[in-house]
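In: model the structure of this input:
(chains A, B and C)
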Amino acid sequence: MVELPHSFIFDIRPIPPFDFELTVRKPAGWSLFTPFEVYEEGTMWTATDLEGVLAGLKLVSEGTVERPGVGVELFLEESPGPDRLLNMKRMLAHDLGADYDLAAFYHFGKKDPILRHAVEDLKGMHSTSQSTIFPDALLSILLQMTNIKRSSQMMDCLLSRYGELAKFDGKQVFGWPRPERVARLEAAQMAAECKFGYRAKRIANLARRFAREGFPSFEELEKLGAEEAKRLLLELPGIGDYSADIINPHGGFPIDTWSADVFGQLFFGERAKEGKKGIDRIKKEGLRRWGKWSWLAFFYVVQDLGNLSRRLDMDLRLV
DNA sequence: GCGTCCAGGTCTACC
DNA sequence: GGTAGACCTGGACGC
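Out: Numbering: from 1, shown residues only, chains lettered A, B, ... in the order given. This next block holds a predicted model:
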């Protein structure tokens, strides 16, 4: 357990529209930073990595969708210098998507027969990220070849056994483990303790690669070209085409066997067929339709399946 | 109760 | 370069 006694209070002024509730608690149940974060009556307590250290966060909405504000209390183990604190504030705003202007995407989306519903339903929902891509890479490995229930079980075990427990503001929140910690573990140990199966070796190899050589941060990947970022991601052990598209900040169209059913219906009026060929066909169509907006389009559609099912008279539920 | 199948991919050997 | 087969585990399903 890591006590975080030093706290710093400040505000973030997101680019509107910014819906706090939709952004920190995605409709599809995606976590903001960790599955162990706590949300009570408009306040979120969570933990993430900022500037290479564990940060506890208390986030509260201080505005409206059109005039947004986020009140932040940042908890740290040690007090940082002023420059470092300033950079942490900037990184957090970036991680919350508060510095991203959705206007151009909404302009595009309103003309699309599918997206126009999603951008109307979820106005102000921002895509969020973490400074290091290690958690997303771990998550993508735990999503491989299993159902969502078992993925959640494996993820909970990973964080509760090997993650960092942040103690702050009367709360305790597990954050994602650091590569150095996982790199010291044997794959067989993780497989036995968390039932990762063959994924244990992939997680161990991934952590050792991060611990040994490091890897560009999310922001550094953003500064690279989309193809270069994906090429680097594909060099990571356990990361293939699907996982790289999930992680890549330039966005791709991360179609798996489940989302292939959803987008198969939306694009072609039928669930996916022909296995991988069907997935390739749907992915191609998504990239053709939505181009540089493919990731945001994917994100908005996946978060809005309930509403889209009613609006388009389709059964887009998970099967 | 038991056997079989398969799920929100990736890697490797083989052609 | 493309492609089949292996890979952990546990829940669903049929019998």
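
In: centre-most residue in chain A?
Out: A:S129 (5.2 Å; CA atoms, centre = their mean).

In: quick check: that residue touching A:P249?
Out: Yes: checked against CB atoms under 8 Å, the pair A:S129 and A:P249 is within contact range at 6.8 Å. Placement of C-beta: from N, CA and C, glycine included.

In: rewinding a little: which residues touch the residue nearest to the centre of chain A?
Out: A:94-95, A:97, A:136, A:218, A:249 (CB atoms under 8 Å, 6 or more residues apart in numbering).

In: what do you get for A:D313?
Out: So A:D313 contacts nothing (CB under 8 Å, 6+ apart).

In: overlap of the contact sets of A:S129 and A:P249?
Out: Common neighbours of A:S129 and A:P249 are listed as A:F218 (criterion: CB under 8 Å, 6+ apart).

In: what helices and strands are in contact with the lowest-mean-pLDDT helix or strand in chain A?
Out: Sorting the helices and strands of chain A by mean pLDDT, DSSP states H and E puts helix A:276-290 at the bottom, at a mean of 86. Judged by 3 or more CB pairs under 8 Å, 6 or more residues apart in numbering; DSSP states H and E, the packing partners of helix A:276-290 are helix A:257-268, helix A:294-303.

In: which SS class is the residue of the stretch 101-250 of chain A found nearest DNA strand C?
Out: When scored by CB to the nearest atom of the strand, the stretch 101-250 of chain A has A:G197 as its residue closest to DNA strand C, at 2.4 Å. Classification of A:G197 using DSSP: H, G, I helix; E, B strand; the rest coil returns coil.

In: A:K223: neighbour count?
Out: Other residues near A:K223 come to 11 when the count uses other CB atoms under 10 Å.

In: quick one: it from A:K167, how far?
Out: 35 Å (CB to CB, to the nearest Å).

In: tell me the residues of the stretch 51-200 of chain A that contact DNA strand C?
Out: Contact residues, the stretch 51-200 of chain A versus DNA strand C (CB under 7 Å from any atom of the strand): A:145-146, A:149-150, A:191-192, A:195-199.

In: all helices of the stretch 101-250 of chain A, in order?
Out: Counting by DSSP state H, counting those that start in this stretch, the stretch 101-250 of chain A has helices at residues A:103-109, A:115-121, A:134-142, A:148-162, A:179-183, A:187-194, A:199-213, A:218-223, A:226-234, A:241-247.

In: tell me the most buried of these?
Out: Among the helices of the stretch 101-250 of chain A, the stretch with the highest mean neighbour count (mean count of other CB atoms under 10 Å) is helix A:134-142, at a mean of 23.

In: just the CA atoms of that one, as PDB, please.
Out: C-alpha atoms of helix A:134-142 as PDB (Å, rounded to 0.1, in the frame of the first residue of the first chain):
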ATOM      1  CA  PHE A 134       1.400  -0.400 -20.400                       C
ATOM      2  CA  PRO A 135      -2.100  -0.700 -18.800                       C
ATOM      3  CA  ASP A 136      -3.800  -0.700 -22.200                       C
ATOM      4  CA  ALA A 137      -1.300  -3.200 -23.500                       C
ATOM      5  CA  LEU A 138      -2.000  -5.500 -20.500                       C
ATOM      6  CA  LEU A 139      -5.700  -5.000 -21.000                       C
ATOM      7  CA  SER A 140      -5.600  -5.900 -24.600                       C
ATOM      8  CA  ILE A 141      -3.800  -9.200 -23.800                       C
ATOM      9  CA  LEU A 142      -6.400 -10.000 -21.200                       C
END
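
In: and that helix, average pLDDT?
Out: Mean pLDDT, computed over helix A:134-142, is 97.

In: run the chain-centre distance for that helix.
Out: 10 Å (CA atoms, centre = their mean, to the nearest Å).

In: go on, stretch A:48-57?
Out: 16 Å.
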